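Colleague: need a structure here:
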Amino acid sequence: MKALTLHGKRDVRYVESEEPIIEKNDEVIIKVKAAGICGSDLSRYAKLGPYIEGMVWGHEFSGEVVAIGSDVSHVKIGDRVAGCPTLYCGKCESCKKGLLSQCKKLTVIGARHPGAFAEYVKLPAENVLPIPETIDFDTAAFIEPSAVVAHGFYRTAIQPGSDVAVMGCGSIGLLAVQWAKIFGASKVYAIDIDHQKLNIAKEVGADAVIHSAEKSAYEQLMDLTDGNGVDLVIESAGSPVTSAQVFALAKKRGQVLFLGIPYSDVNIERFYFEKIVRNELTVLGSWNAISAPFPGKEWSTTIQFMAKGQINVKPLITHRVSLIEGPEIFEKIINKNGFFGKVLFYPEIS
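Modeller: Below is the predicted model of the structure:
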């Protein structure tokens, strides 16, 4: 089968790889229909390199079941599905407590197990989720990143009527705008330095947008909220700069939720750090997208709201490409050669 494999920093290759086969009674093989590039894929491509050299890459996907083990009963051949790419041990202290996202051996396909940038991918049956006909394959490829955002929101104390600020309008931030509304936010402020991303934020439900390149997000948000700030701030940019600035956006006794991962040191100016103490903020981290019972309510609620049309991912998609274009598209994204939102691979296209 055709696949994309990661061999080193900025070294992704379009290759012929072995097709997966059923080896255990609880396994499912899926023909991949759509697979998205995650922000973590870009960081690994540009900065970190592979966990295992030559591993088939990718973990956000949807597809069709083509083979099942003898013990699999909840899906059948031909079913339309999405895949939870996360694998947990079930034996460590965190797993025994039901804190699956904190598993000591937590991993995802594409890291130490073959991933979804391929014509076919294999998963344990419990990782395979049937999707209704009302969710197309493009939308279903967003179920994993949407579940990541939902996992974070479930950690917060957001109430209907809360005001929310989303710092960073990549795919995660744009999903956060929509989840804030689902959780009952009264107003959602979207913040970015890219006008195109802010336009998409408006399209998916942001009540106000803040372009923070020339005037700080703090100054503009204070102007919009009569100097109060917001109940909940979502850091989804993963930038060392924004990771420091978000503390100033929350109101007194507010919450700050970190979804982004800055792959470098975060240096926090006194002005921002003092907000944590003086305003008695609650600072939350959120990791991955699973909970107990596996894969968690993050997944079922994502499917529920996608089926109802309350999570709209179509404005987030800017490119639909074949796997053979993979090496070129990754370089274009890293070199900022054009505007890129979510890029979807269609492995069926040669």
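Colleague: what about the helices in the stretch 251-350 of the chain?
Modeller: Secondary structure of the stretch 251-350 of the chain (DSSP state H, counting those that start in this stretch): helices located at 270-278, 297-307, 326-334.
Colleague: Compare those and give me the one nearest residue 51.
Modeller: Evaluated over the helices of the stretch 251-350 of the chain, closeness to residue 51 peaks at helix 326-334, with 17.1 Å, by C-beta to C-beta. Placement of C-beta: from N, CA and C, glycine included.
Colleague: Go through the helices of the stretch 251-350 of the chain and name the closest to residue 186.
Modeller: The nearest among those, by C-beta to C-beta, is helix 297-307 at 18.6 Å.
Colleague: one step back: winner for burial among the helices of the stretch 251-350 of the chain?
Modeller: Highest mean neighbour count among those (mean count of other C-beta atoms under 10 Å): helix 297-307, with a mean of 20.
Colleague: Tell me how many other residues surround residue 21.
Modeller: Neighbour count for residue 21, taken as other C-beta atoms under 10 Å: 10.
Colleague: Would you verify that it is located in a strand?
Modeller: No - Residue 21: not assigned to a strand; according to DSSP: H, G, I helix; E, B strand; the rest coil it is coil.
Colleague: Reformat the helices of the stretch 251-350 of the chain as JSON lines; add distance to residue 112.
Modeller: Output for those, formatted as JSON lines (distance: least, C-beta to C-beta, whole Å):
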{"stretch": "helix 270-278", "distance to residue 112": "36"}
{"stretch": "helix 297-307", "distance to residue 112": "22"}
{"stretch": "helix 326-334", "distance to residue 112": "20"}
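Colleague: can you put the ones you listed in TSV and add mean pLDDT and distance to residue 100?
Modeller: Shown next, in TSV, are the helices of the stretch 251-350 of the chain (pLDDT from 0 to 100; distance: least, C-beta to C-beta, whole Å):
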stretch	mean pLDDT	distance to residue 100
helix 270-278	97	29
helix 297-307	98	11
helix 326-334	98	30
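Colleague: for those helices, which one sits closest to residue 78?
Modeller: Taking the helices of the stretch 251-350 of the chain one by one with C-beta to C-beta, helix 297-307 is closest: 18.7 Å.
Colleague: Nearest to residue 115, out of the helices of the stretch 251-350 of the chain?
Modeller: helix 326-334 (12.2 Å).
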